[in-house]
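Novice: dropping a prediction and its sequence here:
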Amino acid sequence: MIIRIDFSSEIGLGHLKRIEAFVKKYNIKNSVIICKECNEKLTSLPVVKIKDEKEFFKEEKKLNPQKVIVDNYNFTYENEKEFKKLFPEIKLIVFDDLYYRHYADEVINVNLYAKKEKYIGKIPPFCKVTILPPLIREEFQKAKKKKDKKEGIFISFGGTDAKGIGLKVLKELKKLKFPVNFYTTSSNKNLIKLKRFCQVNKWCKLHIDENVAKGMAKSKFAIITPSTISWEAIHMNLPFIAIEIADNQKEIAKYLKEKRISVLKIRDIRKIGEKLRRFNIG
């Protein structure tokens, strides 16, 4: 199976983590990732790099897979249509979070808010819509079973924190001095600044490339984004505040608000201390 995704410190790792969970859960063998922008060191799956979608189509012709999965907002409706014109015999499966128009054989939505009827008029008659529960990685299933002592705040803005929100939040938390465990990866371009901050402010502990599921299991509260990590926090029964940092998070943000979970915009980060005082965290 061919998987068309992109992932990097600029784009983030969310789609990669989701696809890796999908491949593992459904025991999909012989998968190959094709990407325009990616760091192949971040995945154990084989990677083929391309310059553009024209080159992607050339790879399709060469590899001739039975199925192709696309989890990439930049692979457009027109790209999908071109794909089906060139390769009518290959099954095209597309992951979608935002009820976009698609020209594929199957659309998969793995969000708690997903509704089939939202795709009416947006897909061709031959397209199947599959709604699946969120893809919770195995490490979260294991960590949930452990009865760890819970303390402090878990913070993560994805593997890369592409918009550098982490430091802004930490500066706001300086006044409270609650114990904080900040989880990120070595792909975070602000790593040096984060290290300096946590060296000076001893209430902050930086965790680089560590197990996020274990971090959640040991925490009383979380500050995260309204993305896949929200489904993981809900699975772990971990209360949280979400900070919306990208347009593609609007559907999850809407769902969380309906469930009375606080969602802040970037401009409202200064209100985070006020929000946290309502919880017994310190």
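Specialist: Thanks, I have the structure now.

Novice: which residue ranges of the stretch 1-150 of the chain form strands?
Specialist: 2-4, 32-35, 47-49, 67-70, 91-95, 106-109, 128-131 (DSSP state E, counting those that start in this stretch).

Novice: need those strands in JSON lines (columns: mean pLDDT, distance to residue 76 and mean neighbour count).
Specialist: For glycine as for every other residue, the C-beta is placed from the backbone atoms N, C-alpha and C. Listed next are the strands of the stretch 1-150 of the chain as JSON lines, based on pLDDT from 0 to 100; distance: least, Cβ to Cβ, whole Å; neighbours: other Cβ atoms under 10 Å:
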{"stretch": "strand 2-4", "mean pLDDT": "96", "distance to residue 76": "12", "mean neighbour count": "25"}
{"stretch": "strand 32-35", "mean pLDDT": "96", "distance to residue 76": "16", "mean neighbour count": "20"}
{"stretch": "strand 47-49", "mean pLDDT": "95", "distance to residue 76": "20", "mean neighbour count": "16"}
{"stretch": "strand 67-70", "mean pLDDT": "97", "distance to residue 76": "10", "mean neighbour count": "22"}
{"stretch": "strand 91-95", "mean pLDDT": "98", "distance to residue 76": "11", "mean neighbour count": "21"}
{"stretch": "strand 106-109", "mean pLDDT": "98", "distance to residue 76": "14", "mean neighbour count": "20"}
{"stretch": "strand 128-131", "mean pLDDT": "98", "distance to residue 76": "19", "mean neighbour count": "14"}
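
Novice: ok, which of the ones you listed comes nearest residue 117?
Specialist: Nearest to residue 117 among the strands of the stretch 1-150 of the chain is strand 128-131; the distance by Cβ to Cβ comes to 9.2 Å.

Novice: okay, residue 50 and residue 59: tell me how far apart.
Specialist: 6 Å (Cβ to Cβ, to the nearest Å).

Novice: swap in residue 152?
Specialist: Using Cβ to Cβ, we find residue 152 at a distance of 46 Å from residue 59.

Novice: got it, and residue 18?
Specialist: Distance from residue 18 to residue 59, by Cβ to Cβ: 22 Å.

Novice: more neighbours, these two?
Specialist: The neighbour count for residue 18 versus residue 59, taken as other Cβ atoms under 10 Å, is higher for residue 18 (20 against 17).

Novice: the more buried one contacts residue 109, doesn't it?
Specialist: No. In this structure residue 18 lies outside contact range of residue 109 using Cβ atoms under 8 Å: 11.6 Å.

Novice: mutual contacts of those two, please.
Specialist: Common neighbours of residue 18 and residue 109 (criterion: Cβ atoms under 8 Å, 6 or more residues apart in numbering): residue 95.

Novice: in the lowest-mean-pLDDT helix or strand in the chain, what's buried?
Specialist: Of all helical and strand segments in the chain, the minimum by mean pLDDT, DSSP states H and E falls on helix 272-276, at a mean of 86. Neighbour-count burial for helix 272-276 flags 272, 276 (criterion: 16 or more other Cβ atoms under 10 Å).

Novice: so residue 87 makes contact with residue 59?
Specialist: No. Between residue 87 and residue 59 there is no contact under Cβ under 8 Å: 11.3 Å.

Novice: save the strands of the stretch 1-150 of the chain as TSV, and put in distance to residue 250 too.
Specialist: As requested, the strands of the stretch 1-150 of the chain are exported to TSV (distance: least, Cβ to Cβ, whole Å):
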stretch	distance to residue 250
strand 2-4	23
strand 32-35	25
strand 47-49	30
strand 67-70	21
strand 91-95	17
strand 106-109	15
strand 128-131	19
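
Novice: of all those strands, which lies closest to residue 14?
Specialist: strand 91-95 (10.9 Å).

Novice: partners of the closest one in the sheet?
Specialist: Using DSSP bridges, strand 91-95 pairs in its sheet with strand 67-70 (parallel), strand 106-109 (parallel).

Novice: let's have those strands in JSON lines, adding distance to residue 173.
Specialist: Formatted as JSON lines, those follow (distance: least, Cβ to Cβ, whole Å):
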{"stretch": "strand 67-70", "distance to residue 173": "38"}
{"stretch": "strand 106-109", "distance to residue 173": "34"}
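
Novice: tell me how far the residue nearest to residue 150 when sequence neighbours are not counted lies from residue 52.
Specialist: Sequence neighbours aside, residue 220 is the residue nearest to residue 150 in space, at 4.8 Å (criterion: Cβ to Cβ, 6 or more residues apart in numbering). Separation of residue 220 from residue 52 (Cβ to Cβ) stands at 47 Å.
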